[in-house]
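K.L.:
I would like the atomic coordinates for the input below:
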Amino acid sequence: MNPILIGTIAALCWGTLDFLAGQTSRAIGSVRTTAAVTIAGLVLLSAWLAAARGFPDLTSNELWLPAVAGAGYALATMCLFAAISFRNKPQQHLNRPQ
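P.N.:
Have a look, this model is predicted:
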């Protein structure tokens, strides 16, 4: 596959996600938006892995790393959605006589 095409599709997907997440975060909050996006991603990725029979064999001693990575990703996503949910408000300058 063409790497430029794949990169363009990825950029369009991320840009669309950022726009929609900003709109949704303003409406329902960044925590709920993060939960919805994370759960949707979990369901889609699990379905894809189940169809491809690609679930990795992990022991209980190896599960801590994906759990920590997932928690860090969710926290970073929530911070991103909180940041993009703020609207730019014009600065009101004080007119002080000099």
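
K.L.:
tell me the contacts of Phe81?
P.N.:
Ala21, Gly22, Ser25, Ser30, Thr33, Thr34, Val37 (CB atoms under 8 Å, 6 or more residues apart in numbering). Where you see a C-beta, it was placed from the backbone N, CA and C, and this is true even at glycine.

K.L.:
any idea how far it lies from Pro3?
P.N.:
29 Å (CB to CB, to the nearest Å).

K.L.:
for this structure, just list every one of the helices.
P.N.:
3-28, 30-52, 64-84 (DSSP state H).

K.L.:
residues contacting the residue nearest to the spatial centre of the chain?
P.N.:
With distances taken as CA atoms, centre = their mean, Thr77 lies nearest the centre of the chain, 4.4 Å away. Shown in contact with Thr77 (CB under 8 Å, 6+ apart): Thr34, Val37, Thr38.

K.L.:
try it again with 10 Å
P.N.:
Leu17, Ala21, Ser30, Thr33, Thr34, Ala35, Val37, Thr38, Gly41 (CB atoms under 10 Å, 6 or more residues apart in numbering).

K.L.:
pLDDT value on Glu62, please?
P.N.:
Confidence at Glu62, expressed as pLDDT, is 82.

K.L.:
give me the low-pLDDT residue ranges for the protein?
P.N.:
Filtered on pLDDT under 70, the chain yields the residue ranges 87-98.

K.L.:
can you tell me how far the residue nearest to the centre of the chain sits from Leu58?
P.N.:
23 Å.
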